[in-house]
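[1] kindly return the folded structure for what I paste below:
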Amino acid sequence: MNTFVSSKGIEISIKPVSQFKIDALRASKIEPEIPTYTVKTVTGEEQTFQLDGKSAVTRNMEAEWEAYVTARNKAEAENAKAFFELLVWDGVDVEVPGEGSDWDLANKHFGIKVPDDPYALKAHYVYTELLGKTEDIGELMAAIFKASGVDEEAVERLRKSFRIGVSGTTNRPVSNRTRKLESKVKDV
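    Below is the predicted model:
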């Protein structure tokens with residue numbers, strides 16, 4: 001079994017995710033249609049062009065462009081959420097603590113809302129309890145990709161897409177305080 005150690009020092013068991021399932025999710029991505037405008041040519045024919053930020057201003061179509069950008073951003077966020085949830089659901093070997101567990105009671109005490117949907121719930125648990133920094137998300141996804149047999153070049157591209165900071169890399173040292181997940185979660 002492969003493992004990933006988060007910045008919190010928690011060792012997380014990971015397992016391969018089907019490339020066919022990842023490809024099917026990518027193929028089902030939701031993308032809004034780019035608005036268009038038409039122009040009459042010198043011959044009298046009409047040509048259709050896709051709107052962009054510049055043409056939206058010159059054509060007085062800023063509202064249409066803003067609506068598209070908003071829809072595109074929302075779709076990108078939904079696609080990223082679905083992708084992360086798929087990788088966590090199939091690729092992270094952890095049971096989410098149930099009703100009455102210390103985790104459940106702490107969430108209720110602090111007023112932290114947890115999703116009802118089991119896929120979103122597991123992603124929420126991994127994100128809020130096992131991972132410590134933004135960089136952990138990309139590193140966890142890269143580890144799952146690597147365990148799934150994705151080529152190293154694609155894994156490195158994924159890692160780079162999640163790196164933040166001035167230097168563009170995380171380069172964090174591995175914690176000497178690595179602990180097994182089981183020691184963190186008692187009510188699994």
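
[2] okay, strands next: where are they in the chain?
    2-5, 10-14, 36-40, 46-50, 179-180 (DSSP state E).

[3] can you redo these as CSV with distance to residue 57?
    C-betas here are computed from N, CA, C, even on glycine. Converted to CSV, those look like this (distance: least, Cβ to Cβ, whole Å):
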stretch, distance to residue 57
strand 2-5, 46
strand 10-14, 47
strand 36-40, 12
strand 46-50, 14
strand 179-180, 55
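
[4] so where's this protein uncertain?
    Within the chain, the stretches with pLDDT under 70 are 161-188.

[5] what's the longest helix in it?
    The single longest helix within the chain, with elements called by DSSP state H, is helix 62-91.

[6] among the strands of the chain, which is the most enclosed?
    strand 10-14 (a mean of 21; mean count of other Cβ atoms under 10 Å).

[7] before we move on, the earlier item: which strands or helices does the longest helix of the chain pack on?
    helix 19-27, helix 53-58, helix 118-125, helix 134-147 (3 or more Cβ pairs under 8 Å, 6 or more residues apart in numbering; DSSP states H and E).

[8] contacts for the second one?
    Which is helix 53-58. With Cβ atoms under 8 Å, 6 or more residues apart in numbering as the test, helix 53-58 has contacts from 37, 49, 61-62, 64-65.

[9] please identify the buried residues of that helix?
    Buried residues in helix 53-58, counted by 16 or more other Cβ atoms under 10 Å: 55-56.

[10] what of the longest one?
    Burial within helix 134-147, assessed by neighbour count using 16+ other Cβ under 10 Å, is assigned to 135-147.

[11] pull that helix out as CSV, backbone CA atoms only.
    Backbone C-alpha positions of helix 134-147 (Å, rounded to 0.1, in the frame of the first residue of the first chain) are rendered in CSV as follows:
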residue,chain,number,x,y,z
THR,A,134,-2.8,24.1,0.4
GLU,A,135,0.3,22.4,-1.0
ASP,A,136,-0.9,19.1,0.5
ILE,A,137,-3.8,19.0,-1.9
GLY,A,138,-1.6,18.9,-5.0
GLU,A,139,0.9,16.6,-3.4
LEU,A,140,-1.9,14.1,-2.3
MET,A,141,-3.3,14.2,-5.8
ALA,A,142,0.1,13.6,-7.3
ALA,A,143,0.7,10.7,-5.0
ILE,A,144,-2.6,9.1,-6.0
PHE,A,145,-1.8,9.7,-9.7
LYS,A,146,1.6,8.1,-9.2
ALA,A,147,0.0,5.1,-7.5
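
[12] what is it packed up against?
    Contacting helix 134-147 under the criterion 3+ Cβ pairs under 8 Å, 6+ apart are the following elements: strand 2-5, strand 10-14, helix 62-91, helix 152-162.
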